[in-house]
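Could you work out the structure for the sequence below:
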Amino acid sequence: MDSRTDALVIGGGATGTGIARDLARRGVDVTLVERDGLSSGTSGRSHGLLHSGARYAEADGPEAEACLEENRILRRIGGACVRETRGLFVQLADDEPAYFDAKRDACEDLGIETEVVDGDAAREAVPDLADDVDRAMWVPDGVVLPSRLSAANAADAREHGARIRTHAPVTDVTVEDGRVTSVALGGDADETVRPTYVVNATGPHAGRIADMVGATVEMRPTRGVMVSVEYDGLEPVLNRCREPDDGDIIVPHGGEVVLGTTSVSVDDPDDYEHAEWEITETVRECAAMLPPVATAPRVRTWWGVRPLYEPEEAARGGRGISRGFHLLDHTDDGVANCCSVVGGKLTTYRRMAETTADLVCDRLGVTADCTTADERLPGASEPARLDAFVREFDGQGPTDADLVGSESRD
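Okay, here's the model as predicted:
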């Protein structure tokens, strides 16, 4: 079976579904395809932090500003796709005070709201916080439920005419005269799509799809472990206030907390080692902030793979540097109707989608403006409806498995 579409979006994570939503709202005929269920890749296997920008403030001001703006937008449009927590950066006795000071000053310069408190005040807010916390800083971090977020974006895209095809892996691509003319789908789809334009939003798999198109995208994927343990009552996200390292974040999830993470290069984002040392190191380092997690019962463990862009990683030195996103127009590779979007983070998915949709609309001659920052996601105030979207699109990832559907279980 053959079908035609103005824009074929490959990849069903937050960025891909966000692109489909944006384009559909601008009146573009869109088909989104995902090889598994929605959120089966990087988006659904993250730690779920809604960044305020504070983590990157002293290293990359523009990216921190983008995080802050998108944080505010997502709180406005996302409803029950986010949890309204705060964030607390904690300085332990062995941590460098100058780093804390630099982060605080950078946050203030960027307009990221902060409040510095001493160790006693921090422990009053988080009673189990380590005794050697010298001081801490409140920031407007939050928590994202990526399964709900991706499913809600897909549902909104569909409401505006898009076709959402899950379990539809790309099996072949035909390029003629410098343009993609057809994309063959396997799995449940078993059809050939003839697109006017193609967007590669496949995260760490972007290089493989680009190869099929005849373009080049150099990726440097890295894996990171997340460990969810039983712990009830933590309100804020906890961040270790030091240079980014293993085990420096704790994300609250109701009766659980998610401990993260590591950063280890992988050759194949589908086939990589799940090393026990990563779990041990992550738990040990997170317990330096919140000691009870060291012995808390483990609920589940999962790894995610970051879609890092090799040229940026090589130029900027890898971990510890803020990672923005890159929109690659493959016209320079001799493929005029295809682009790839790589890098970035969950918090800025909507901005990545808007930038990509702008390029696609320019190529298609569409002049409609982006509306995704202003229109609430469908089901935003109805958790049960959001969870129904997740089930419909087979979109449950491990990040928020304890939260999605929790209202109906209570």
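
The residue lying closest to H330 once chain neighbours are set aside and M352: what is the separation?
Nearest residue to H330 in three dimensions, chain neighbours excluded: A215, at 4.1 Å (Cβ to Cβ, 6 or more residues apart in numbering). C-beta coordinates here come from the backbone N, C-alpha and C atoms, glycine included. Noted for A215: a distance of 19 Å to M352, by Cβ to Cβ, to the nearest Å.

In terms of neighbours, single out the busier of those two.
Neighbours around A215 and M352, counted as other Cβ atoms under 10 Å, are more numerous at M352. The numbers are 28 against 24.

what about the helix or strand harbouring the more buried one, average pLDDT?
Element membership of M352, judged by DSSP states H and E, is helix 349-364. Throughout helix 349-364, pLDDT has a mean value of 98.

For it, enumerate the helices and strands it packs against.
With contacts taken as 3 or more Cβ pairs under 8 Å, 6 or more residues apart in numbering; DSSP states H and E, helix 349-364 sits against strand 2-10, helix 14-25, helix 61-78, strand 191-200, strand 325-329, strand 338-343.

Okay, strands next: where are they in the stretch 101-250 of the chain?
For the stretch 101-250 of the chain, applying DSSP state E, counting those that start in this stretch gives strands covering 115-118, 133-139, 142-144, 163-165, 170-176, 179-185, 191-200, 222-230, 237-240, 249-253.

L403: which of those is closest?
strand 249-253 (5.9 Å; Cβ to Cβ).

Partner strands of the closest one, with direction?
Neighbouring strands of strand 249-253 in its sheet, by DSSP bridges, are strand 237-240 (antiparallel), strand 256-260 (antiparallel).

sorry, back to before: gap between the helix holding M352 and the chain center?
On the basis of Cα atoms, centre = their mean, to the nearest Å, helix 349-364 is displaced by 17 Å from the centre of the chain it belongs to.

Please identify the buried residues of that helix?
349-358, 360-361, 363-364 (16 or more other Cβ atoms under 10 Å).

cool, stretch 254-264 as well?
Residues of stretch 254-264 classed as buried by neighbour count (16+ other Cβ under 10 Å): 256-264.

quick revisit: with distance to Q91 as added columns, please give the strands of the stretch 101-250 of the chain in CSV.
Output for the strands of the stretch 101-250 of the chain, formatted as CSV (distance: least, Cβ to Cβ, whole Å):
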stretch, distance to Q91
strand 115-118, 10
strand 133-139, 5
strand 142-144, 22
strand 163-165, 45
strand 170-176, 47
strand 179-185, 51
strand 191-200, 41
strand 222-230, 23
strand 237-240, 8
strand 249-253, 15
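
W302 is nearest to which of those?
Taking the strands of the stretch 101-250 of the chain one by one with Cβ to Cβ, strand 222-230 is closest: 5.5 Å.

Pull the CA coordinates from that closest one and hand them back as PDB.
Output of strand 222-230 as PDB, limited to C-alpha atoms (Å, rounded to 0.1, in the frame of the first residue of the first chain):
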ATOM      1  CA  THR A 222      26.300   7.800  25.700                       C
ATOM      2  CA  ARG A 223      24.400   5.600  28.100                       C
ATOM      3  CA  GLY A 224      23.300   6.600  31.600                       C
ATOM      4  CA  VAL A 225      21.700   4.500  34.300                       C
ATOM      5  CA  MET A 226      18.600   5.500  36.400                       C
ATOM      6  CA  VAL A 227      17.700   3.700  39.600                       C
ATOM      7  CA  SER A 228      14.300   4.100  41.200                       C
ATOM      8  CA  VAL A 229      14.100   3.300  44.900                       C
ATOM      9  CA  GLU A 230      11.400   3.500  47.500                       C
END
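
which secondary structure elements does it contact?
strand 256-260, strand 264-265, helix 276-287, strand 298-306.

Deepest in the core, which of the ones you listed is it.
Mean neighbour count (mean count of other Cβ atoms under 10 Å) peaks for strand 256-260 among the helices and strands packed on strand 222-230, with a mean of 26.

by how many degrees do it and helix 276-287 diverge?
110 degrees (axes from the mean of the first three to the mean of the last three Cα atoms, to 10 degrees).

Quick one: mean pLDDT for strand 256-260?
Mean pLDDT, strand 256-260: 97.

and the angle for that strand with strand 222-230?
Going by the same axes, to 10 degrees, strand 256-260 makes 150 degrees with strand 222-230.

now the protein, which segments are flagged as low pLDDT?
313-323, 407-410 (pLDDT under 70).

Could you rerun that using 90?
1, 254, 310-324, 405-410 (pLDDT under 90).

Got the domain ranges for it?
Per automatic domain parsing, the domain ranges recorded for the chain read 2-43+146-219+322-409, 87-139+222-306.

most packed of these?
Highest mean neighbour count of those: domain 2-43+146-219+322-409, a mean of 21 (counted as mean count of other Cβ under 10 Å).

for that domain, the distance to its chain's centre please.
For domain 2-43+146-219+322-409, the distance to the chain centre is 13 Å (Cα atoms, centre = their mean).

Nearest residue to G255 in space, please, no chain neighbours.
D232 (4.7 Å).

From R300, how far out is that neighbour?
Applying Cβ to Cβ to D232 and R300 gives a distance of 16 Å.

And for V170?
For V170 relative to R300 (Cβ to Cβ), the value is 30 Å.

thinking again about what came up before, out of the helices and strands packed on helix 349-364, which gets nearest to V251?
Nearest of those to V251, taken as Cβ to Cβ: helix 61-78 at 14.6 Å.

gap between that closest one and the chain center?
Chain-centre distance of helix 61-78: 13 Å, with Cα atoms, centre = their mean.

same check, this time on stretch 132-147
Stretch 132-147 sits 17 Å away from the centroid of its parent chain (Cα atoms, centre = their mean).

Span of that stretch from start to end?
36 Å (Cα to Cα, to the nearest Å).

Does I77 touch T371 like I think?
No: counting by Cβ atoms under 8 Å, I77 stays clear of T371, with 10.3 Å between them.

returning to that earlier point: got JSON lines for the helices and strands packed on helix 349-364, with distance to R306 too?
Formatted as JSON lines, the helices and strands packed on helix 349-364 follow (distance: least, Cβ to Cβ, whole Å):
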{"stretch": "strand 2-10", "distance to R306": "19"}
{"stretch": "helix 14-25", "distance to R306": "13"}
{"stretch": "helix 61-78", "distance to R306": "15"}
{"stretch": "strand 191-200", "distance to R306": "17"}
{"stretch": "strand 325-329", "distance to R306": "12"}
{"stretch": "strand 338-343", "distance to R306": "9"}
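
I appreciate the help and will end here.
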